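# One predicted model, sequence on top.
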Amino acid sequence: MTNAPPNHSAAAPSAAPVLTIDGPSGSGKGTISRLVARELGWHYLDSGALYRAIGVAAGWGDIDLADPSSLVRCAFDTDITFREEGDELLVLINGTDATAELRTETAGAAASAIAAIPEVRSALKDRQRAFRQPPGLVADGRDMGTVIFPDAAHKVFLTASAEERAERRYKQLKDKGVPVTLAGLLREILARDARDANRAVAPLKAAHDAVCIDTTGIGIDEVVRRVLATVQGKAP
Ligand SMILES: Nc1ncnc2c1ncn2[C@@H]1O[C@H](COP(=O)(O)OP(=O)(O)O)[C@@H](O)[C@H]1O
Ligand SMILES: Nc1ccn([C@H]2C[C@H](O)[C@@H](COP(=O)(O)OP(=O)(O)O)O2)c(=O)n1
């Protein structure tokens, strides 16, 4: 897996194949996308990290999350870079490592709120599409298969029950020493699902040509196997 910065001088980006992996919070998009990208030797785009980074940068700049024009300026002006360090994908905002702040549920909720503003989504379109570079791209988010890469050759939509997603997030955050409750996480996940799925622009939904995989009770290795099977043209 690589997270090379967009290289505008490389071969026509549109020539590179894309695998989109969309789904709700905790469905496993990030985990599965990174493992699949590594297996294929493709680039990886964590589009949610871009929305989270704009939310965090807005907070640093005292920008009101309900002020679209300032948020759009923030989306264009903020430098966001990804750096792989072991198993972790670090996210730098204007050169500062913001990974820990970015991964909090507060940052997730802020990202979900600003992601409902159409102008913010438009401001991030080109930045996301620039990740499409040879030999290929795995793109994870909410609208990768529907809006950003509608012509992607391979599309997957991951789901899991809200209870299982909350449990996964609980374990993940507990392991990192973040104080959370299962009930609180379930509430946040349901609220974010509702906001992401009901917004007017680019709502969370499966592309009509996506392969849907319900990962409830299915382990990571098996999900990776099924996703790779869709890329390799075998029935998952
Ligand atoms: N199929 C699965 N079974 C069990 N745990 C999973 C599965 N997929 C992901 N996880 C775990 O769930 C947590 C959330 O996964 P993540 O990839 O961050 O989800 P998303 O990007 O969709 O929010 C991580 O700790 C991850 O290891
Ligand atoms: N392509 C995307 C990616 C994320 N978003 C929004 C909606 C999500 O609730 C937030 C955070 O996304 P992220 O994928 O980082 O969140 P999860 O890992 O799924 O919890 O950003 C979006 O609207 N479109």
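Structure received. Ligands and ions are numbered 1, 2, ... in the order given.
# List the contacts of Ser25.
Ser25 is in contact with Gly108, Arg165, Arg169, Ile189, Arg192, Asp193, Asp196, counting by Cβ atoms under 8 Å, 6 or more residues apart in numbering. Quick note: C-beta positions are derived from backbone N, CA and C, even for glycine.
# Quick check: strands, which of those residues are part of them?
Among these, DSSP state E puts none in strands.
# tell me which parts of this protein are close to ligand 1?
By Cβ under 6 Å from any ligand atom, the part of the chain that sits against ligand 1 consists of 23, 25-31, 168-169, 172, 215, 218-220, 223.
# From those residues, keep the buried residues only.
Buried positions within these, assessed by neighbour count (16 or more other Cβ atoms under 10 Å), are Gly23, Ser25, Gly26, Ser27, Gly28, Lys29, Gly30, Thr31, Arg168, Arg169, Thr215, Val223.
# how much space between the closest residue to ligand 1 within the chain and ligand 2?
Residue of the chain nearest ligand 1, by Cβ to the nearest ligand atom: Gly28 (2.8 Å). Distance, Gly28 to ligand 2, using Cβ to the nearest ligand atom, to the nearest Å: 9 Å.
# Pull the contacting residues for that residue.
Going by Cβ under 8 Å, 6+ apart, Gly28 touches Leu158, Ala160, Arg168, Thr215, Ile220, Val223.
# so, in contact with ligand 2 or not, the lowest-mean-pLDDT helix or strand in the chain?
Here the helix or strand of the chain ranked lowest by mean pLDDT, DSSP states H and E is helix 105-114, holding a mean of 91. Yes - for helix 105-114, a contact with ligand 2 is found by Cβ under 6 Å from any ligand atom, at Gly108, Ala111, Ser112.
# Quick check, the second one in contact with Ala57.
No - shown here, Ala111 and Ala57 do not form a contact pair, counting by Cβ atoms under 8 Å, at 11.2 Å.
# Are we agreed that Leu45 is in a helix?
No - in this structure, Leu45 is strand, not part of a helix, as judged by DSSP: H, G, I helix; E, B strand; the rest coil.
# these two touch, right, it and Gly136?
No - in this structure Leu45 lies outside contact range of Gly136 using Cβ under 8 Å: 11.2 Å.
# Fine by me, we can end here.
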